[in-house]
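# Below: sequence and its predicted model.
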Amino acid sequence: MNVLSDRLGRPLRDLRISVTDRCNFRCTYCLPPTQPVRYRPQDRILSFEEIERVARVFVGLGVRKIRLTGGEPLVRHELPELVGRLAALPGLGDLGLTTNGSLLAAQASQLREAGLRRVTVSLDALDDRTFRSLAGTDRPVAAVLAGIDAAMRAGFAPIKLNMVVLRGVNEGEIIPMARFARERGLTLRFIEYMDVGGGNGWCRQDVVEAGEILARVGAELPIQPILPRVAGEVAERFSYEDGAGEFGVIAAVTRPFCVDCSRMRLTADGELYTCLFGVSGVDLRSLLRSGATDDDLASVIASTWRSRDDRYSQRRSELLPATARVAMTVIGG
Ligand code: SAM
Ligand code: SF4
Ligand code: SF4
């Protein structure tokens with residue numbers, strides 16, 4: 001099969017599917033409590049049949065990795081059913097989920113049995129007070145830790161942890177999180193705070209740069225770089241010299257990786273985005289609901305990818321701040 005390439009020669013390999021724009025958290029860097037939220041009307045949210053159909057077309061176009069996200073994907077009713085449908089798609093190599101972990105304890109084993117291969121849990125602090133204020137929730141951090149334990153018991157391995165680091169907010173959690181992850185065999189990824197959406201009040205000074213994070217971890221625990229396994233890996237990986245596993249940094253602000261970006265995104269209401277920082281999407285939902293054939297869908301997806309030239313993070317400093325960008329809870333990170 002011919003690889004589908006965009007205008008900058010990047011192949012289409014990954015698809016992130018947002019299964020809901022709803023969330024039970026209000027993380028300050030994603031969906032701040034001050035920001036009004038307007039959820040998509042329920043009748044516009046794609047059904048499992050529709051998602052499965054679109055996913056099948058994507059696999060036919062060369063996609064090998066699918067990740068479910070949101071909003072919080074575990075608030076979507078009966079999610080294991082969707083996992084089962086996607087896991088059964090011939091040709092799909094990898095199926096993952098990114099979650100805030102708060103509802104994972106009750107669902108981890110069902111998700112595993114349904115065929116989910118990987119889980120990434122977002123966790124920004126172990127200190128309960130810091131966790132609650134960053135996540136905008138009354139739930140204790142213990143609920144997320146119970147979710148991680150349940151995922152480990154269900155057999156997910158390696159489990160990844162995502163930590164967004166914000167200046168003056170959770171910097172003090174860098175080393176405790178590194179130690180916590182090492183001790184449990186979890187792969188922690190420190191993420192540079194990004195200017196996603198239009199409402200998180202991002203400013204460059206709030207970003208704790210990957211270089212600084214590496215210096216802080218390296219000062220406590222000797223580390224060395226690991227060569228990338230495949231092109232397009234978003235995390236730069238490091239191992240601990242004492243052999244206690246690895247961690248990564250996702251330096252989307254200071255070391256952008258647009259040159260290798262092979263990812264399309266589908267929102268819960270069926271819009272296609274070719275970049276996390278997109279302003280508008282391509283409406284697949286209307287096509288799906290107006291009798292389009294799989295070939296019609298494939299041709300719209302293919303032409304959307306072929307005309308893509310996004311490289312927002314590489315051009316961030318030249319661009320004016322935008323407020324119209326798609327919200328992170330809609331596009332799913
Ligand atoms: N609710 C799920 C979760 O939090 O894992 C899935 C959706 S969330 C939008 C996906 C990822 O995006 C999370 O790991 C989150 O930390 C990350 N994220 C959200 N806003 C971000 C920002 N402003 N900068 C960097 N990462 C961000
Ligand atoms: Fe936080 Fe994820 Fe919800 Fe955004 S979608 S508010 S990152 S839990
Ligand atoms: Fe991909 Fe857009 Fe992020 Fe660049 S800014 S890595 S093109 S999603």
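On my side now, so go ahead. Residues are numbered from 1 along each chain as shown. Ligands and ions are numbered 1, 2, ... in the order given.
# Point out where this structure drops to low pLDDT.
Counting by pLDDT under 70, the low-confidence segments of the chain come to 1, 231-232, 319-324.
# where do the strands sit along it?
Under the criterion DSSP state E, strands of the chain are mapped to 14-18, 65-69, 94-99, 118-122, 160-165, 187-192, 223-226, 236-240, 246-250, 263-266, 271-273, 282-283.
# Now those strands in a markdown table, please, with extra columns for distance to residue 85 and mean neighbour count.
Heads up, the C-betas are built off the backbone N, CA and C, glycines and all. Supplementary listing: those in a markdown table, determined by distance: least, CB to CB, whole Å; neighbours: other CB atoms under 10 Å:
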| stretch | distance to residue 85 | mean neighbour count |
| --- | --- | --- |
| strand 14-18 | 12 | 23 |
| strand 65-69 | 11 | 23 |
| strand 94-99 | 10 | 20 |
| strand 118-122 | 17 | 22 |
| strand 160-165 | 24 | 23 |
| strand 187-192 | 27 | 22 |
| strand 223-226 | 35 | 13 |
| strand 236-240 | 32 | 17 |
| strand 246-250 | 29 | 22 |
| strand 263-266 | 15 | 24 |
| strand 271-273 | 20 | 23 |
| strand 282-283 | 23 | 16 |
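# now those in JSON lines, with distance to residue 112?
Supplementary listing: the strands of the chain in JSON lines, determined by distance: least, CB to CB, whole Å:
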{"stretch": "strand 14-18", "distance to residue 112": "19"}
{"stretch": "strand 65-69", "distance to residue 112": "14"}
{"stretch": "strand 94-99", "distance to residue 112": "10"}
{"stretch": "strand 118-122", "distance to residue 112": "9"}
{"stretch": "strand 160-165", "distance to residue 112": "15"}
{"stretch": "strand 187-192", "distance to residue 112": "18"}
{"stretch": "strand 223-226", "distance to residue 112": "27"}
{"stretch": "strand 236-240", "distance to residue 112": "25"}
{"stretch": "strand 246-250", "distance to residue 112": "23"}
{"stretch": "strand 263-266", "distance to residue 112": "24"}
{"stretch": "strand 271-273", "distance to residue 112": "29"}
{"stretch": "strand 282-283", "distance to residue 112": "33"}
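# Nearest to residue 300, out of those?
For the strands of the chain, distance to residue 300 was read as CB to CB. The smallest value, 6.7 Å, belongs to strand 282-283.
# What strands line up against that closest one, and which way round?
Strand 282-283 has the following strand partners under DSSP bridges: strand 271-273 (antiparallel).
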